[in-house]
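Colleague: give me a 3D structure for the following:
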Amino acid sequence: MTRPGGHPDPMTTRDPLHDPVLAGDRRALARAITLVESTRPDHRDRAAALLDGLRAVTQAQALRIGLSGTPGVGKSTFIETFGLMLTGQGQRVAVLAVDPSSARTGGSILGDKTRMDYLTRDPKAFIRPSPASSHLGGVARRTREAVSLCEAAGFDVVLIETVGVGQSETLVAQISDLFVLLLAPAGGDELQGVKRGIMEIADLILVNKADGELKSTARRTVADYAGALRLLRKRPNDPDGFPKALAVSALESSGLEKAWSEMQSLADWRRANGYWDATRAEQAAHWFAEEVRAGLLAQLDRPETRARMAEMARDVASGRRAARAAAVDLLEMLRGA
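Modeller: Here you go, the predicted structure:
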């Protein structure tokens, strides 16, 4: 069915997943995320239409919290305990856990869902492990779209767990509203090992395992990180006192209420002072540019382009052509394609 002018009526072309996702159906949400993660051209077209359709009828915004931490710091335990605390308060929580992928097969370990057994069974929670593939920083390329689907499904908080800690993890800042860095009690050498770049984007540093024999070590670690944070240049989108470091224990569920209160306080301040909307607008522009770049790179993967590149590479390697001249010719060929 079409409307006047020949345009399709959105009410009759609506994707079958549209209404179930809006209703918060977790199975439909899982299928929708599978759709946006697919690389098949027909799936990509359908995913784009589904996302546009959902965006047209809902402006829901969840609190997006990026979470990263060193291996063994207890990210899964923290997320489960923290998530259960939030669902206990009536919040609906989605967890997008970006897992390590095999460099050989692209397969994903997908262990987080099995480690968060209690949260998995909570009707107010949704856990989705996704393979990171080769995307820089451990943030799956389509995680941003999965976040949008979770928001459309009515989740109040979306936790985005990323792989490891390093300079590349700054990519999570282009997806989340807040960035939380989870660290273990440590001494000076371990403190030196945490990269300055990851410290500069952290809104909150949580020192986990502040229990038992490590409790006093955790307190000293918090003091060390608090001192390090004071040496960083103050950011315009932070109120006084942020970023800050706190001690928590996921095992004993201590410090989590305080951490959640600080997250809410920072998010509220940014909303009230215009930084929330401005940051989301900047993120949208960033991902538009990324999609354009990805589209251009996809052109290089066409068989005829690969064949032409291989031919030019042989000419360059043999010295028959200069690298720059060959690159210019290839770009000209792509423009004419």
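Colleague: mind listing the strands for the protein?
Modeller: Per DSSP state E, the chain carries strands over the ranges 63-69, 93-99, 125-131, 157-161, 178-183, 204-207, 244-247.
Colleague: out of those, which comes closest to Ala327?
Modeller: Ala327 lies closest, by CB to CB, to one member of the strands of the chain: strand 125-131, at 32.2 Å. Every C-beta, even on glycine, is put in place using the N, C-alpha and C of the backbone.
Colleague: buried set for that closest one?
Modeller: Neighbour-count burial for strand 125-131, counted by 16 or more other CB atoms under 10 Å, picks out Ala125, Phe126, Ile127, Arg128, Pro129, Ser130, Pro131.
Colleague: repeat that for stretch 216-224.
Modeller: By neighbour count on 16+ other CB under 10 Å, the buried set for stretch 216-224 is Thr217, Ala218, Thr221, Val222, Asp224.
Colleague: which parts of this protein are helices?
Modeller: 18-22, 26-37, 41-57, 75-88, 112-115, 117-120, 143-152, 188-193, 196-201, 215-230, 256-272, 275-299, 303-318, 323-336 (DSSP state H).
Colleague: hey, which of these is tucked in deepest?
Modeller: Of all the helices of the chain, helix 143-152 carries the top mean neighbour count, a mean of 24, counting by mean count of other CB atoms under 10 Å.
Colleague: who are the packing partners of that helix?
Modeller: helix 18-22, helix 26-37, helix 41-57, strand 93-99, strand 125-131, strand 157-161 (3 or more CB pairs under 8 Å, 6 or more residues apart in numbering; DSSP states H and E).
Colleague: what does it rub up against?
Modeller: Residues from elsewhere that reach helix 143-152 (CB atoms under 8 Å, 6 or more residues apart in numbering): 21-22, 29, 32-33, 36-37, 47, 51, 54-55, 58, 60-62, 64, 94, 96, 98, 126, 128, 130, 140, 158, 160, 174-175, 287.
Colleague: who touches the residue lying closest to Ala184 once chain neighbours are set aside in this structure?
Modeller: Distances taken as CB to CB, 6 or more residues apart in numbering place Val73 nearest to Ala184, at 4.7 Å, with adjacent residues excluded. By CB under 8 Å, 6+ apart, the residues touching Val73 are Leu182, Leu183, Ala184, Asn208, Lys209.
Colleague: tally of neighbours for the residue nearest to Arg31 when sequence neighbours are not counted?
Modeller: Spatially, and ignoring its direct neighbours in sequence, Arg31 is nearest to Leu17 (6.1 Å; CB to CB, 6+ apart). Other residues lying near Leu17 total 21 when counted by other CB atoms under 10 Å.
Colleague: dump the strands of the chain into CSV; add mean pLDDT and distance to Ala310 as well.
Modeller: Shown next, in CSV, are the strands of the chain (pLDDT from 0 to 100; distance: least, CB to CB, whole Å):
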stretch, mean pLDDT, distance to Ala310
strand 63-69, 92, 39
strand 93-99, 85, 33
strand 125-131, 85, 29
strand 157-161, 94, 38
strand 178-183, 92, 42
strand 204-207, 94, 48
strand 244-247, 95, 52
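Colleague: okay if I get the ones you listed as JSON lines plus distance to Glu151?
Modeller: Shown next, in JSON lines, are those (distance: least, CB to CB, whole Å):
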{"stretch": "strand 63-69", "distance to Glu151": "8"}
{"stretch": "strand 93-99", "distance to Glu151": "9"}
{"stretch": "strand 125-131", "distance to Glu151": "12"}
{"stretch": "strand 157-161", "distance to Glu151": "7"}
{"stretch": "strand 178-183", "distance to Glu151": "15"}
{"stretch": "strand 204-207", "distance to Glu151": "22"}
{"stretch": "strand 244-247", "distance to Glu151": "27"}
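Colleague: list just the one of these that sits closest to Leu330.
Modeller: strand 125-131 (31.2 Å).
Colleague: pLDDT score for Pro185?
Modeller: pLDDT, Pro185: 91.
Colleague: for it, list the residues it contacts.
Modeller: If you count contacts by CB under 8 Å, 6+ apart, then Pro185 has Val207, Lys209, Ala210, Leu214, Thr217, Ala218, Arg220, Thr221 around it.
Colleague: on that earlier part again, for Ala325, which of the helices and strands packed on helix 143-152 is the nearest?
Modeller: Of those, the one closest to Ala325 (CB to CB) turns out to be helix 41-57, at 33.1 Å.
Colleague: distance from the chain centre to that closest one, please.
Modeller: The gap between where helix 41-57 is centred and where its chain is centred comes out at 19 Å by CA atoms, centre = their mean, to the nearest Å.
Colleague: CA atoms of that helix as CSV?
Modeller: Presented in CSV, the C-alpha positions along helix 41-57 are these (Å, rounded to 0.1, in the frame of the first residue of the first chain):
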residue,chain,number,x,y,z
PRO,A,41,23.4,-6.6,2.4
ASP,A,42,19.7,-7.5,2.6
HIS,A,43,20.0,-7.7,6.4
ARG,A,44,21.8,-4.4,6.5
ASP,A,45,19.0,-2.8,4.5
ARG,A,46,16.4,-4.3,6.8
ALA,A,47,18.3,-3.3,9.9
ALA,A,48,18.5,0.3,8.7
ALA,A,49,14.8,0.4,8.0
LEU,A,50,14.0,-1.1,11.4
LEU,A,51,16.2,1.4,13.3
ASP,A,52,14.7,4.3,11.4
GLY,A,53,11.2,3.1,12.1
LEU,A,54,11.9,2.7,15.8
ARG,A,55,13.6,6.1,15.9
ALA,A,56,10.5,7.7,14.4
VAL,A,57,8.2,6.6,17.1
